[in-house]
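Asks: Build me a model from this:
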Amino acid sequence: MSSTKSPINKQGQQSIVALAFALFTANFLVYGVGRITFWLWNHRFFENLASSDLLLVFLQGARFDAAIAAIVTFLMFWIFVIFKSKVLRNGWLTALVMGHAVLILANFVDCELVHFVGRRMTRSSLYLVGEGNITNLMRYFPMTIVTFFSLGLFIWTHYKIAKYFNPILKTRMQTGLVIFSTLLLTAFFVRGGWQEKPLSFVDSKIIAHPMAHHLILNTPFSVLKSWGQKNIERNHYFNKEKMLSFLNHDSSLDIQPATTELGRFKNKNLVIFILESFSAEYIRPQTTPFLYELMSRSDQTTTFLPAYANGRRSIEGIAAILSGVPALMEEPFVNSEFATNDVVGLGNVFKKKNYRTQFFHGAKNGSMRFDLYTKAIGFDEYYGLNEFPDPKQNDGAWGIWDQPFFNWMCTQIPTQDPFASVVFSLSSHQPFQVPKDFIATVPADAAPILKTVQYTDQALKSFFDCAEKQPWYQQTLFLLVADHTGPELSSAADFKSRYEIMMLFIDPSKNLKINSKQYAQQIDVLPTLNDLFDLNIQGTNHLGRSLLNPGRKTIALYSDQKYELVGDTDLSDDRLKAIRQYFSEAMYDNRLYYPAIKE
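Replies: Numbers count the residues shown, from 1 in each chain. Take a look at the predicted model:
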């Protein structure tokens, strides 16, 4: 008699526990597979990692996996408890499983994408949606097979769980006990255990290795954790005068402007090549023979090798080069809440001097929102995939091959009006392919990107062969600068090396004199051109400085909430505080320049 009044029998209790365990295990193991895949796919970057460190990385990574698995398990578990109808239960469970499958897919995609964006995906990575071509998946056939097999097994497992378990809670006491227990266990795993603060990005920085924290993290954790965070915190450490004294305008550094160079290129032309992923370490005689030949013309060129990128992504590089905005926050400036701030756009200042302004990019129009951003900063003419006349030159992944696009650009540059033209290259980009008729001379076992860098080097030679025949060539200053670095060639690469790029000024008239024995960064481009072309930009961005004014300089590098200073790093704590204060005030107060810009 007493047994018939029992609210739940022993088998029912076991079913509830077994259900929770089955759901958690299924959600947890798929991330283990993802981490092993990430490690194998990027194995060359971990070759110098000791076995003990690798074990520590996997154990620490399990904490991040358990945090996500606990959240998803909690949501799935309560679908079983709340819904008595199997139709409703299965409907909601299907929606949740498929939603989770999207995050798992992103976790596998990050095995390769981490080299493109320089970090695990976060909220700020949403700008990538719609970029590229879905056929790129087939270029990574082994990864594609592992990814979709894992996703299929994940979905099938949950189907079996839904079919097998049918827990029933009959009393309030039992329901309350289950609620308390599941909340307690979920909180335990989400926090990463009984610790003072919950898991965060900083918990992945346990080993001094440039890729270890990417292996520890998983993508859903990075996305969810970044979603609730402020884009940037407002910092205040010093009064204005003291803050500026730690930055790159410090009058105590005896910076003397090179007055003989001021305005030297007034009313002359400008062409900027923003070179996709041209790391400093790629610039070698065998890989970039044309660039090496250019650099040997010491009377015409000034080379910074390395210079420093101010970000890790193309969308950050373009803002730094053309607007002087460094990437010192998680979300790219172009996509952030501060995107409507007033900035000095290179196109705008040249337009005020009656220049024609042009921007060229061989990808589909709208890619990375380059068309919108360049229009906002004053580039009136945009030339992209839509304008290019020969669709047969499409690489099938991103857009037009560099060589035909550069050659076409040469014909679109005006022959009379002074012009400021910018081209963003394309081919030295994942999936690192070149035209079938291109004969590479780099070793067959070299990193895939080196072949594409060599191709773009050949495309540059083809452009300059064309440009030298044009009437505007001798009256034009050329600047070649990378948007960011590409995949590291060395497994021992450090944080700083991930920002080391090439910057090359070319003056066929042999009138340019810049001291190359100084630190250079992307945000120095705008003030340098301001001095050379007499652009009359009002105010000064004290995070950068014109390269005509050599002297001590501090450059801040930032990624994944980590800062590193290069250059003159005495009083580094105060200098970093001043940089953080200056940048955060610039964003929140819409004031990147001192004194304020006068329109």
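
Asks: how far does stretch 549-560 stretch from start to finish?
Replies: This stretch, stretch 549-560, spans 32 Å end to end (CA to CA, to the nearest Å).

Asks: Centre of the chain to it, how far?
Replies: Offset of stretch 549-560 from its chain centre (CA atoms, centre = their mean, to the nearest Å): 19 Å.

Asks: Quick check: buried residues in it?
Replies: Across stretch 549-560, burial judged by 16 or more other CB atoms under 10 Å covers 549-560. For the C-beta atoms, the positions are set from N, CA and C on the backbone; glycine is no exception.

Asks: for stretch 223-241, same thing?
Replies: By neighbour count with 16+ other CB under 10 Å, stretch 223-241 contains the buried residues 223, 225-226, 231-232, 235, 238.

Asks: got the end-to-end distance for it?
Replies: 38 Å.

Asks: Contacts for that stretch next, please.
Replies: 68, 71, 103, 106, 121-125, 200-201, 243, 246, 328-331, 336-338, 574, 577-578, 580-581, 583-585, 587-588, 594 (CB atoms under 8 Å, 6 or more residues apart in numbering).

Asks: distance of Ser296 from Pro289?
Replies: According to CB to CB, to the nearest Å, Ser296 and Pro289 sit 11 Å apart.

Asks: Settle it for me: which of those two has more neighbours?
Replies: Pro289 (15 against 10; other CB atoms under 10 Å).

Asks: Looking at the buried residues of stretch 549-560, which one is closest to Thr144?
Replies: Within these, the smallest distance to Thr144 is 27.2 Å, found for Asp560 (CB to CB).

Asks: Need the phi and psi values for the closest one.
Replies: When read as degrees, to the nearest 10, the backbone of Asp560 gives phi 50, psi 50.

Asks: Could I get the pLDDT score of it?
Replies: Listed pLDDT for Asp560 reads 80.

Asks: With Glu316 instead?
Replies: On the pLDDT scale, Glu316 gets 94.

Asks: what residues does the host helix or strand of Leu184 touch?
Replies: Secondary structure from DSSP states H and E places Leu184 in helix 172-191. For helix 172-191, the external contacting residues (CB under 8 Å, 6+ apart) are 7-8, 16, 20, 66-67, 69-71, 73-74, 77-78, 81, 169, 194, 198-199.

Asks: I'd like to know which of the residues you listed are buried.
Replies: 16, 20, 66-67, 69-71, 73-74, 77, 81, 169, 199.

Asks: so which of the residues you listed comes closest to Met503?
Replies: Leu199 (39.0 Å).

Asks: got TSV for the buried residues of stretch 549-560, with distance to Cys466 and secondary structure too?
Replies: Rendered in TSV, the data for the buried residues of stretch 549-560 read as follows (distance: CB to CB, whole Å; DSSP: H, G, I helix; E, B strand; the rest coil):
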residue	distance to Cys466	secondary structure
Asn549	34	coil
Pro550	34	coil
Gly551	38	coil
Arg552	41	coil
Lys553	36	coil
Thr554	40	strand
Ile555	35	strand
Ala556	39	strand
Leu557	36	strand
Tyr558	39	strand
Ser559	38	strand
Asp560	42	coil
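
Asks: As CSV, those residues with distance to Phe424 would be great.
Replies: As requested, those are exported to CSV (distance: CB to CB, whole Å):
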residue, distance to Phe424
Asn549, 28
Pro550, 28
Gly551, 31
Arg552, 32
Lys553, 26
Thr554, 28
Ile555, 23
Ala556, 24
Leu557, 22
Tyr558, 22
Ser559, 22
Asp560, 25
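
Asks: from these, which is closest to His158?
Replies: Comparing the buried residues of stretch 549-560 against His158 with CB to CB places Asp560 closest, at 32.0 Å.

Asks: my guess is the closest one contacts Asp203, does it?
Replies: No: using CB atoms under 8 Å, Asp560 makes no contact with Asp203, being 11.9 Å away.
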